[in-house]
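In: attaching a predicted model along with its sequence, questions to come.
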Amino acid sequence: MPETISLDDWLPVIDREYLLTFVREGGASIKFAVTPPELKAELYRRVRNRCHELNYIPVEFNSTIHRAHMAQDLFFSLAGQVDWRSLARRMILKLAAERGYGVAGTDPAESVNIFQAIARANGLEPATILLEIRRDIQDQVFKNRNLARDFRVCMTHLCLLENTFSRPNTPAEYAGQPLLDWLTGDNPRISNVRPFSIYTSINRATARYFIESALYWIRYVGCAGTVMLLDNARVTLARNPRDGRRYYTRPMAMDHYELLREFIDGVDRLAGTLLIVVANSDFDDDTNERRSRGFGIYQALRTRVMNDVHDKNRPNPVASLVRLSE
């Protein structure tokens, strides 16, 4: 039986080796944690709490709800859990601070006209702040080549639209709502965002670029980074339970593993990100049997996850794949 490591032993290592250092400094890592069902809630709770303490954005993906073999579903799930307007206000505050304006005490989570809030804090006219920061938005957001073209166009509009008022609890009045609907997949039609000069659909072919851009943007505006918890337990079900929920055929499971393999090979483009694939014991099947849904059915992923060198008696807490226990 493979050696297991307790959650109490593993999380401090993840904290020390990744969240406090490597990921905070812009690095990225992908971990696979084979987790007993009774331990998942505790894992999620502790990771979420640590993210809030360290200024990370936690994102959860459930293969029962979203299609784990489709990159666009991964992006839409991520986008639906991010407060894009708050990130836009963070960017504006960052630009204002770089120009020497006082921004202490201005909360980016508050639904206020951020330009007017900065102006009041510095005894200036809002038009003056808007004029100067508009140039910075053009230079640091619209022209930022680290972001996919249509993503940076979207972020530029979201920043500039923070110069408008919308009454509390009336999101329909916000002029940027079509942009938010496009990002989250609530209304992905290009016709809705074409007036903003956006012309690219978020689909299987383009989603990875949007994921990379979103992860870069989250860190660029001032967050420590992103921690993604991807529960793929539903993918590894070999037999359809016919319970009305999502079921993955063997080709779908292989597509999911191919997507994970692509992220592993392109991990350098996932700025400030820790992706934890939360799997069950079925995932840990490294055989290629016909009914198997374990990672062994996709050799390219297997060679990237398996531990070629390991201690006979003690598991490696920084290995790509760990098996957790209470």
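Out: In hand now; what should we look at?

In: gap between the host helix or strand of residue 47 and the chain center?
Out: Assigned by DSSP states H and E, residue 47 falls within helix 37-54. Remark: helix 37-54 is offset 16 Å from the chain centroid, using C-alpha atoms, centre = their mean, to the nearest Å.

In: what is that helix packed up against?
Out: Packing partners of helix 37-54 (3 or more C-beta pairs under 8 Å, 6 or more residues apart in numbering; DSSP states H and E): helix 7-14, strand 56-62, strand 225-231, strand 273-279, strand 321-325. Any C-beta I mention is one placed from the backbone N, CA and C, and that applies to glycine too.

In: switch to 7 Å and redo it
Out: The helices and strands touching helix 37-54, judged by 3 or more C-beta pairs under 7 Å, 6 or more residues apart in numbering; DSSP states H and E, are helix 7-14, strand 56-62, strand 225-231.

In: most tightly packed of the ones you listed?
Out: Greatest average neighbour count among the helices and strands packed on helix 37-54 goes to strand 225-231 (a mean of 24), per mean count of other C-beta atoms under 10 Å.

In: who touches it?
Out: 23-24, 44, 47, 51, 56-63, 215, 218-219, 272-278 (C-beta atoms under 7 Å, 6 or more residues apart in numbering).

In: in stretch 75-94, what's buried?
Out: 75-79, 82, 84-94 (16 or more other C-beta atoms under 10 Å).

In: okay, buried residues for stretch 41-55 please.
Out: In stretch 41-55, counting by 16+ other C-beta under 10 Å, buried: 43, 44, 47, 50, 51, 54.

In: centre of the chain to it, how far?
Out: 15 Å.

In: regarding residue 124, what is its secondary structure?
Out: coil (DSSP: H, G, I helix; E, B strand; the rest coil).

In: any idea how many residues pack against it?
Out: 13 (other C-beta atoms under 10 Å).

In: which residues does residue 207 contact?
Out: Neighbours of residue 207 in contact, by C-beta under 7 Å, 6+ apart: 71, 72, 74, 75.

In: give the other helices and strands that whichever helix or strand the third one is part of contacts.
Out: Secondary structure here is read from DSSP H and E; on that basis residue 74 sits in helix 71-80. In this structure, helix 71-80 makes packing contacts with strand 56-62, helix 177-184, helix 207-220, judged by 3+ C-beta pairs under 7 Å, 6+ apart.

In: thinking again about what came up before, adding distance to residue 206 and mean pLDDT, write the helices and strands packed on helix 37-54 out as JSON lines.
Out: Below are the helices and strands packed on helix 37-54 laid out as JSON lines (distance: least, C-beta to C-beta, whole Å; pLDDT from 0 to 100):
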{"stretch": "helix 7-14", "distance to residue 206": "31", "mean pLDDT": "96"}
{"stretch": "strand 56-62", "distance to residue 206": "18", "mean pLDDT": "97"}
{"stretch": "strand 225-231", "distance to residue 206": "19", "mean pLDDT": "98"}
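
In: mind giving me CSV with the ones you listed and columns for distance to residue 209?
Out: Output for the helices and strands packed on helix 37-54, formatted as CSV (distance: least, C-beta to C-beta, whole Å):
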stretch, distance to residue 209
helix 7-14, 28
strand 56-62, 17
strand 225-231, 16
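
In: out of those, which comes closest to residue 139?
Out: With distances scored as C-beta to C-beta, the stretch of those nearest to residue 139 is strand 225-231 (23.7 Å).

In: output the closest one in CSV with nothing but the alpha carbons.
Out: Once non-C-alpha atoms are left out, strand 225-231 reads as follows in CSV (Å, rounded to 0.1, in the frame of the first residue of the first chain):
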residue,chain,number,x,y,z
GLY,A,225,-1.8,35.0,-6.4
THR,A,226,-4.4,32.3,-7.0
VAL,A,227,-4.9,28.9,-5.4
MET,A,228,-7.1,26.6,-7.4
LEU,A,229,-8.8,23.5,-6.0
LEU,A,230,-9.9,21.2,-8.8
ASP,A,231,-12.0,18.3,-7.6
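
In: what's the domain layout of this protein?
Out: Under the assignment automatic domain parsing, the domains of the chain span 5-69+223-325, 84-196.

In: my read: residue 90 touches residue 220, true?
Out: No: if you go by C-beta atoms under 7 Å, residue 90 and residue 220 don't touch, sitting 9.3 Å apart.

In: where does pLDDT dip in the stretch 51-200 of the chain?
Out: 165-172 (pLDDT under 70).
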